[in-house]
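Chemist: Here is a sequence with its predicted model. Questions after.
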Amino acid sequence: MSFLAVSDEVLGTFVPIAVYWIYSGIYALLGDLENYRLHSKAEEFEKNIVPKSAVVKGVLIQQSLQIAVSLSLFAVISDDNPSSSTSSSSHISVIGAVLQFFVAMLVLDTWQYFMHRYMHSNKFLYKHVHSKHHSLVVPYAFGALYNHPLEGLLLDTAGGALAFVVSGMTPHAAIVFFSFATVKTVDDHCGLWLPGNLLHVFFANNSAYHDVHHQLYGSKYNFSQPFFVVWDKILGTYLPYSLEKRNGGGFEARPVKLKR
């Protein structure tokens, strides 16, 4: 049993959602820092075709589905393994925990790369499902999970469930892992390039990398998310870019070359 007698299953379900809104809220407050934006405010209003109120509603719908799947998954695991209570953390070495996290990261990255790429290559799925996410040509933090509900279920919720099961992590460890994955996803969509961001130091998959994918010229590249860029490099969908100063302040991720 965890803090204030709330089970790890409940915390593992709701803490990442709280992290999403808190962390994206911080970025929303920083959104007026024009000198660190990857697109100007004017460009955001011009290119994005969906109001922010609709984005909030869409994210809340996806998170509702996420809650239902998460609690159901924990219930099934608890029923299948009654001798090992999922409401208390299991003892595991630091090396074992790191290995579980790394496996979960690889599984989540692999699932999301291939599902994400397929949603681009399948014209029906792109038009009726994935294009909703790309209506935010200029990404911002709390739009990270603005997806069609089917995409949210297949790409994010199912991918997270698979990473949890394959890695074998406990619900207690899942609190940390999915909170971190949430921070990473929000950061990738924040639309800012802030100095001293440690996520940019340790991960090549960052806000500029994903911004390239959201632009028309990059829609066939940089599918990898949320951690590594391995699959893009292996399968030839990696589009290198340079980060340049933008006229009027801020930065711009410019492609180094387009593949033919």
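Modeler: Thanks, I have it.
Chemist: and the most centrally placed residue in the chain, what does it touch?
Modeler: In the chain, the centroid-proximal residue (Cα atoms, centre = their mean) is T185; its distance is 2.8 Å. By Cβ atoms under 8 Å, 6 or more residues apart in numbering, the contact set of T185 is 144-145, 225-226. Backbone N, C-alpha and C define where each C-beta goes, glycine included.
Chemist: most surrounded residue in those?
Modeler: With neighbours defined as other Cβ atoms under 10 Å, the most crowded of the contacts of T185 is A144; it has 28 neighbours.
Chemist: Next, the closest residue to that residue other than its chain neighbours: phi, psi?
Modeler: Sequence neighbours aside, H189 is the residue nearest to A144 in space, at 3.9 Å (criterion: Cβ to Cβ, 6 or more residues apart in numbering). Torsion angles at H189 (phi, psi; degrees, to the nearest 10) stand at phi -110, psi 10.
Chemist: Next secondary structure after the helix or strand of the chain with the lowest mean pLDDT?
Modeler: Sorting the helices and strands of the chain by mean pLDDT, DSSP states H and E puts helix 52-80 at the bottom, at a mean of 87. Where DSSP states H and E defines the elements, the next helix or strand beyond helix 52-80 is helix 94-121.
Chemist: Return the distance of that next one from the chain's centre.
Modeler: Centroid separation for helix 94-121 versus its chain: 11 Å, with Cα atoms, centre = their mean, to the nearest Å.
Chemist: One more: stretch 40-52?
Modeler: Centre to centre, stretch against its chain (Cα atoms, centre = their mean), the figure for stretch 40-52 is 21 Å.
Chemist: likewise stretch 160-176?
Modeler: 16 Å.
Chemist: Can you mark which positions in that stretch are buried?
Modeler: Across stretch 160-176, burial judged by 16 or more other Cβ atoms under 10 Å covers 160-161, 163-164, 166-167, 169-175.
Chemist: which intervals of the protein have sub-threshold pLDDT?
Modeler: Applying pLDDT under 70 to the chain picks out residues 1-4, 78-92, 257-260.
Chemist: So which residues of it form helices?
Modeler: 8-30, 41-47, 52-80, 94-121, 123-125, 131-134, 149-151, 158-167, 171-188, 198-202, 207-214, 230-234 (DSSP state H).
Chemist: okay if I get these as CSV plus distance to E252?
Modeler: Shown next, in CSV, are the helices of the chain (distance: least, Cβ to Cβ, whole Å):
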stretch, distance to E252
helix 8-30, 18
helix 41-47, 10
helix 52-80, 23
helix 94-121, 23
helix 123-125, 30
helix 131-134, 19
helix 149-151, 28
helix 158-167, 30
helix 171-188, 17
helix 198-202, 16
helix 207-214, 9
helix 230-234, 20
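Chemist: Counting neighbours, what do you get for N206?
Modeler: N206 has 22 nearby residues by other Cβ under 10 Å.
Chemist: Surely it and H200 touch.
Modeler: Yes. Contact status for N206 versus H200: in contact at 4.7 Å, counting by Cβ atoms under 8 Å.
Chemist: still on that earlier bit, which one of the helices of the chain lies nearest to S242?
Modeler: Nearest to S242 among the helices of the chain is helix 207-214 (9.4 Å), distances taken as Cβ to Cβ.
Chemist: Show me what that closest one is packed up against.
Modeler: If you count contacts as 3 or more Cβ pairs under 8 Å, 6 or more residues apart in numbering; DSSP states H and E, helix 207-214 packs onto helix 171-188, strand 241-245, strand 251-255.
Chemist: Can I get these in a markdown table including distance to L136?
Modeler: Shown next, in a markdown table, are the helices and strands packed on helix 207-214 (distance: least, Cβ to Cβ, whole Å):
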| stretch | distance to L136 |
| --- | --- |
| helix 171-188 | 12 |
| strand 241-245 | 19 |
| strand 251-255 | 16 |
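Chemist: tell me the most buried of these?
Modeler: helix 171-188 (a mean of 22; mean count of other Cβ atoms under 10 Å).
Chemist: Many thanks, have a good one.
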